[in-house]
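Chemist: predicted structure and sequence below. I'll ask about it afterward.
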Amino acid sequence: MAPSVASTAVPNWQGSLLGGGRPSLDPDFGGLERIPLDHGAWVDLCHGWLKGPDTLFEVLSTTLPWTAPEMVMYDHSIVQPRLSAWWRPDRDHPWPEGVLPLARALESRYGVPFENFGANLYRDGRDSVAWHGDRLHRDQNRALVAVITLGAPRTFLLRPRGGGPSVRLRPAAGDLLVMGGTCQRTWQHSVPKTARPVGPRISVTLRPHPGTPIPALGRPGSEPRGASFRRTGRPGVVHGSRSPGLSGTSTANSRSHSSGTSSSTAALVEARTTGAATPSR
Ligand SMILES: O=C(O)CCC(=O)C(=O)O
């Protein structure tokens, strides 16, 4: 593991006109679209789920213990072309400021605790992540991986593991993307490099702990709790065909996290309307 990298290593960061202010999330996941993929995989997209994403960007970029881990490629190791920080929060390793309310809101919607925190910092267009499915979740029939984008938009690609047309998404600051069903097993995703000038992007990733049973989201007639649920076959840009329709269900519950947090954490991100995203402890 490479040593920690100075968190001030975020070049060219400029917030947007509308991205500042106190972060608040939409507990109703308004406008959420489900993109059904082949082989039992799907992606949920909720544009503008988090208001004030620039404020959270500033907090996380300056407080997380960023590292540039090495990864083994064939017979040699290379430094990962992005910075990362991840852990499973507990009393000794608390949630980063502002992140627990996001995990709680996801738990409320998807019916399973999102206990593992990760973040990736793409400093500019040279940073990227290659095609992959999450290793820890590949053995599970179903998995959930939530990605919240802060900072600059970057292209996010998905392709079937066995080959086939790819799906191109472009999540922007405040957008929520959730990969579900068999997505980690039957599909791969990547954030490719770009030669265009782009500002830095942070992806906050939240996942249930590996091995946690995941409810079968998507049976017809029983949809996730408390939100409109627009079905679509058309993400921003699509290459190739996709399977129509949607199937599945969600059983929401209100299990609380056992992990610790600080009062400022809950204070930084708040539900935009009262109630649903309030921690249920
Ligand atoms: O940064 C992203 O949007 C993708 C993150 C990801 O794929 C990962 O960390 O496994």
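Modeler: Perfect, thanks for sending it. Residues are numbered from 1 along each chain as shown.
Chemist: roughly how far apart are the residue most central in space within the chain and the ligand?
Modeler: Central residue of the chain (CA atoms, centre = their mean): residue 147, 0.9 Å from the mean position. As judged by CB to the nearest ligand atom, to the nearest Å, residue 147 and the ligand stand 5 Å apart. (Each C-beta comes from the backbone N, C-alpha and C, glycine too.)
Chemist: test my guess that that residue contacts residue 171.
Modeler: Yes: with contact defined as CB atoms under 8 Å, residue 147 counts as touching residue 171 (7.1 Å).
Chemist: assign a three-state SS to the residue in the chain that the ligand sits nearest to, would you?
Modeler: Here the chain gets closest to the ligand at one residue, residue 203, 3.1 Å apart by CB to the nearest ligand atom. Classification of residue 203 using DSSP: H, G, I helix; E, B strand; the rest coil returns strand.
Chemist: quick revisit: intersection of neighbour lists for residue 147 and residue 171?
Modeler: Residues touching both residue 147 and residue 171 by CB atoms under 8 Å, 6 or more residues apart in numbering: 156, 177.
Chemist: about what we covered before: the residue of the chain closest to the ligand pairs with what?
Modeler: Residues in a beta bridge with residue 203, per DSSP bridges, are residue 120, residue 149.
Chemist: my guess is it meets residue 147, correct?
Modeler: Yes: using CB under 8 Å, residue 203 makes contact with residue 147 at a distance of 5.1 Å.
Chemist: before we move on, what's the pLDDT of the residue of the chain most remote from its centre?
Modeler: Distance from the C-alpha centroid of the chain, by CA atoms, centre = their mean, peaks at residue 75 (30.8 Å). With respect to pLDDT, residue 75 scores 81.
Chemist: ok, now residue 245?
Modeler: Reported pLDDT for residue 245: 25.
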